[in-house]
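Chemist: 3D, please:
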Amino acid sequence: MKEEENGISEDIQLFIDKFEPAKYKLMEYGIEVRGIKDIHRSLAEAAAIIERLGLKVSISHDAGMLSYGAFEVRNN
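Modeler: Numbers count the residues shown, from 1 in each chain. Below you'll find the predicted structure:
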C-alpha cells in the first residue's frame, strides 16, 4: 500500500476525492468521516464508490458513531 506525503494511502485519498466529505479526521488506520446527516444513504454511497473503484479499504461503523453521524474508512 503506497502512501502519499501527507500519510494517506492512495486508496483513502481517492475515496476522499470521490466521496467529498465535508469533515473527516485522519487516523493511523484510515479516516473517520463525520457530520453525516443521512448515515444510511452515505454508507450505501461510500460502499458503492469503494466497489466501483476497486479500492482496498473497508467501512466500519458502530452504534456509538451514529450519535455524531460518523463512519470509518480503513485501509485493508
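
Chemist: looking at it, A22 is touching K37, isn't it?
Modeler: No. Here A22 lies out of contact with K37, judged by CB atoms under 8 Å, at a distance of 10.0 Å. Bear in mind the C-beta positions are built from the backbone N, C-alpha and C, glycine included.

Chemist: list the contacts of P21.
Modeler: By CB atoms under 8 Å, 6 or more residues apart in numbering, the residues touching P21 are I31, V33, R34, G35.

Chemist: tell me which helix or strand of the chain sits lowest on mean pLDDT?
Modeler: helix 63-66 (a mean of 93; mean pLDDT, DSSP states H and E).

Chemist: and it, what's buried?
Modeler: Residues of helix 63-66 classed as buried: M65 (neighbour count, 16 or more other CB atoms under 10 Å).

Chemist: and if you look at stretch 51-68?
Modeler: Within stretch 51-68, the residues that count as buried by 16+ other CB under 10 Å are L55, V57, I59, M65.
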